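Engineer: everything below, folded, please.
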Amino acid sequence: MTVRPARVEDVAQKARVNLRCWQETYRGLVSGAVLDDAAFLAARERFWTAA
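Structural biologist: Predicted structure coming up:
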């Protein structure tokens with residue numbers, strides 16, 4: 001296995017994985033409307049792009 005630094009092309013996938021983790025971890029603690037909102041995925045993409 002090779003581990004490499006993340007690239008800009010990885011942002012969409014990182015955001016999807018991050019969102020899925022939030023949905024599985026916080027469902028029932030955070031409103032489903034928030035977790036399932038498309039804007040949440042967009043916010044994660046912006047976060048990972050900036051990071």
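
Engineer: contacts for stretch 20-40, please.
Structural biologist: residue 19 (Cβ atoms under 8 Å, 6 or more residues apart in numbering). For every residue, glycine as well, the C-beta is placed using N, CA and C.

Engineer: and the nearest residue to residue 18 once chain neighbours are set aside, how many neighbours does it have?
Structural biologist: Spatial nearest neighbour of residue 18, chain neighbours left out: residue 44 (5.0 Å); criterion: Cβ to Cβ, 6 or more residues apart in numbering. Using other Cβ atoms under 10 Å, residue 44 has 20 other residues around it.

Engineer: test my guess that residue 44 contacts residue 12.
Structural biologist: No - applying Cβ atoms under 8 Å, one finds residue 44 not in contact with residue 12, separated by 9.6 Å.

Engineer: ok, back up a step: now do the contacts for the residue nearest to residue 18.
Structural biologist: Contact partners of residue 44, counting by Cβ under 8 Å, 6+ apart, are 14-15, 18-19.

Engineer: per-residue pLDDT, it?
Structural biologist: Looking at residue 44, its pLDDT is 93.

Engineer: roughly how far does it sit from residue 38?
Structural biologist: To residue 38, residue 44 is 11 Å away according to Cβ to Cβ, to the nearest Å.

Engineer: one more: residue 17?
Structural biologist: On the measure of Cβ to Cβ, residue 17 and residue 38 end up 16 Å apart.

Engineer: quick revisit: in helices only, show me the contacts of residue 44.
Structural biologist: Members of those lying in helices (criterion: DSSP state H): 14-15, 18-19.

Engineer: may I ask which of the residues you listed has the most neighbours?
Structural biologist: residue 15 (20 neighbours).

Engineer: ok, that one touching residue 51?
Structural biologist: No - between residue 15 and residue 51 there is no contact under Cβ under 8 Å: 10.6 Å.

Engineer: and residue 8, how many neighbours?
Structural biologist: Neighbours around residue 8, by other Cβ under 10 Å: 8.

Engineer: that one: what's it in contact with?
Structural biologist: Counted by Cβ under 8 Å, 6+ apart, residue 8 has contacts residue 49.

Engineer: repeat that with 10 Å
Structural biologist: Contacts for residue 8 (Cβ atoms under 10 Å, 6 or more residues apart in numbering) come out as 48-49.
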